[in-house]
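*Asks:* sequence-free structure coming up:
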């Protein structure tokens, strides 16, 4: 009864706040069937056909020269508020397809505009943005990100570039896409992401692509621009395009848009004042109900921490909870945990090979004496169950019966990276030497996994135990990051730095500040990744760290000394017999040193580390002499901060005691 009382009051509070919440502009169109027409404003020579937006008309047999069109979302965007002194951030992803006809011209633009109409005579070189008489007028109140397919002006870089236009068709900033390997008008889908960060007043564009083994998002530009200085508080978002004598079909095949909200309307504020007293009464009643319910449950010893019902309830509360297996199924799959099926043993348990429904699996049997094993078990199930990435080991299911904690993973035929990367003189079988290409692919795979955990999840995940034994290799020697027993999910916030307060990890991979503070952060994950990069490139174990010897790490000091002597690539594993790409190897080693910088302020983010490994960015600056560890860490000078802002380094905010999950 008390539980029902609690839920009814909580529902009432949620409904009350739902009335006063201000919604942001948000919509998703995987395609554009006819029923979406009512949500759009189609002006000029635009149309909706074949489940796509035809920004310039596409009708068989109809003339397509000298056209201009706009397609806007009918509901405008509240971009900024003068009274609140706030600006909204937004994220717009869309799939662009341009099909050349007699030739490519002129192009398409993503626009934010004060008016929902299109200027007359804005065909040809004007891209539907302005015309000859209005070009460069501040009263245009329009900003466009153009995808230009014709060199119409001498200032244009080429016939395959993107640019930022402010109240004009002349771009204030341009980037050619040719060097990135993209062609705007080659009759293929071009997935694009345009983002605006209102805090940093930064406008960025990236293009998503896919290769045989890697899905990547390629950053094209990032440009400082305060939209509130050029646009009114409310604008329309959408697309404009044009053709001239040279013609093409300009098509948008999908569109997703989200923005943040910036303030309450006066109507909503009035509702807030009216409802506030009632809400306070409901809150007090709710707290009383919670206390009564808790005391009842506590007094009756309703659920113990290791009660199977509690564990299953926590796991199944996840929307992506993996399958629950019976103990007898897993005993049968592993031949009752036969020693001959043993794949390895770690701090949290032993892993066995099993056959489950004619499929090879790896079954982790969590050890009875593992510290906090119930919490670690739930952490691993809930964390991995919500993560989906090709460079993460996939969790298939779990089991808790007869005091047995079991996890079922996909089987990795090549085992852990630790078993194949280090040469063992006493090995009974011939040692398989990983080629440089394979090592580099493994490093890139781990970087992709960590970039996903740090930036691609709804809640940031700190792995907290990056090391070679936790990197598994599939049949093609591609990296899969596993063992999430120490991982912690962090609620998103304004901060770029996230912490958990529990000392855990593996000596040799732990950042020096971690010993001092006991806080795991995104930057301590980066440090562990840096050590991993060095040991994979060098074929050497990292060396030992302890509470006493926490400022020295064998492999980091060794590579840093070679770097100081100008012999960085001498650190590359001698088993390769010099068969590696020197420039690529040097970039990887410098990145490893940068990630292991004693000052966490100076470490790059995983997003930037991935760009270095894929050749999209230069390695971060590494000082010749390894700096001494100091705590509190010294913030960079103003000049250094400007330099490092180009390299997307980690930026630490004050420590907070955020609890894991």
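*Replies:* Okay, I see it. Just so you know, these numbers come straight off a predicted model, no measurement behind them.

*Asks:* so which helix or strand takes in residue 57?
*Replies:* When elements are assigned from DSSP states H and E, residue 57 belongs to no helix and no strand.

*Asks:* tell me the pLDDT at it?
*Replies:* pLDDT for residue 57: 84.

*Asks:* same check on residue 516?
*Replies:* As predicted, residue 516 sits at a pLDDT of 77.

*Asks:* please enumerate the strands of the stretch 201-350 of the chain.
*Replies:* For the stretch 201-350 of the chain, the strands defined by DSSP state E, counting those that start in this stretch occupy 202-210, 215-224, 234-242, 248-259, 323-324, 342-346, 349-356.

*Asks:* residue 513 is nearest to which of those?
*Replies:* Residue 513 lies closest to strand 342-346 among those, at 25.2 Å (Cβ to Cβ). C-beta: built from backbone N, CA, C; applies to glycine.

*Asks:* and the angle from that closest one to strand 349-356?
*Replies:* 150 degrees (axes from the mean of the first three to the mean of the last three Cα atoms, to 10 degrees).

*Asks:* from the contact counts, what lies against strand 342-346?
*Replies:* Counting by 3 or more Cβ pairs under 8 Å, 6 or more residues apart in numbering; DSSP states H and E, the packing neighbours recorded for strand 342-346 are strand 349-356.

*Asks:* now do the strand it packs on: which elements does it pack against?
*Replies:* Using 3+ Cβ pairs under 8 Å, 6+ apart: strand 349-356 touches helix 327-333, strand 342-346, strand 359-366, strand 404-410.

*Asks:* could you list the domains of the chain?
*Replies:* 2-19+277-299, 23-259, 308-410, 417-645 (automatic domain parsing).

*Asks:* worst mean pLDDT among those domains?
*Replies:* Averaging pLDDT over each of the domains of the chain puts domain 2-19+277-299 lowest, since it has a mean of 61.

*Asks:* now the domains of the chain in TSV, with mean neighbour count?
*Replies:* TSV is the format used below for the domains of the chain (neighbours: other Cβ atoms under 10 Å):
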stretch	mean neighbour count
domain 2-19+277-299	14
domain 23-259	18
domain 308-410	17
domain 417-645	19
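
*Asks:* helices along the stretch 101-250 of the chain, start to end?
*Replies:* Using DSSP state H, counting those that start in this stretch, the stretch 101-250 of the chain contains no helices.

*Asks:* quick one on the thing from earlier: among the strands of the stretch 201-350 of the chain, which is nearest residue 70?
*Replies:* strand 234-242 (4.5 Å).

*Asks:* hang on, the earlier thing: can you redo the strands of the stretch 201-350 of the chain as TSV with distance to residue 414?
*Replies:* TSV is the format used below for the strands of the stretch 201-350 of the chain (distance: least, Cβ to Cβ, whole Å):
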stretch	distance to residue 414
strand 202-210	24
strand 215-224	22
strand 234-242	47
strand 248-259	38
strand 323-324	25
strand 342-346	11
strand 349-356	13
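
*Asks:* could you say what helices and strands whichever strand or helix holds residue 537 packs with?
*Replies:* Element membership for residue 537, per DSSP H and E: helix 522-538. Secondary-structure packing of helix 522-538 (3+ Cβ pairs under 8 Å, 6+ apart): helix 417-421, helix 436-451, strand 460-462, helix 512-517, helix 554-564, helix 582-595, helix 606-613.

*Asks:* which residues sit in contact with the residue nearest the centre of the chain?
*Replies:* Central residue of the chain (Cα atoms, centre = their mean): residue 456, 2.2 Å from the mean position. Residues near residue 456 by Cβ atoms under 8 Å, 6 or more residues apart in numbering: residue 389.

*Asks:* residue 602 and residue 344: what is the separation?
*Replies:* 35 Å (Cβ to Cβ, to the nearest Å).

*Asks:* one more: residue 399?
*Replies:* 19 Å.

*Asks:* what do you get for residue 230?
*Replies:* In terms of Cβ to Cβ, residue 230 sits 59 Å off from residue 344.

*Asks:* of the helices and strands packed on strand 349-356, which is nearest residue 182?
*Replies:* Nearest to residue 182, of all those, is strand 404-410, at 34.1 Å by Cβ to Cβ.

*Asks:* tell me what the closest one is packed against?
*Replies:* helix 327-333, strand 349-356, strand 359-366, helix 373-385, strand 395-401.

*Asks:* possible to save the ones you listed as CSV with distance to residue 521?
*Replies:* Formatted as CSV, the helices and strands packed on strand 404-410 follow (distance: least, Cβ to Cβ, whole Å):
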stretch, distance to residue 521
helix 327-333, 36
strand 349-356, 27
strand 359-366, 26
helix 373-385, 17
strand 395-401, 25
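
*Asks:* quick one: closest of those to residue 51.
*Replies:* Nearest to residue 51, of all these, is helix 373-385, at 34.3 Å by Cβ to Cβ.

*Asks:* residue 333 - nearest residue in space that isn't next to it in sequence?
*Replies:* residue 354 (3.4 Å; Cβ to Cβ, 6 or more residues apart in numbering).

*Asks:* that neighbour: what's it in contact with?
*Replies:* Contacts of residue 354 by Cβ under 8 Å, 6+ apart are 330, 333-334, 341, 360-363, 408.
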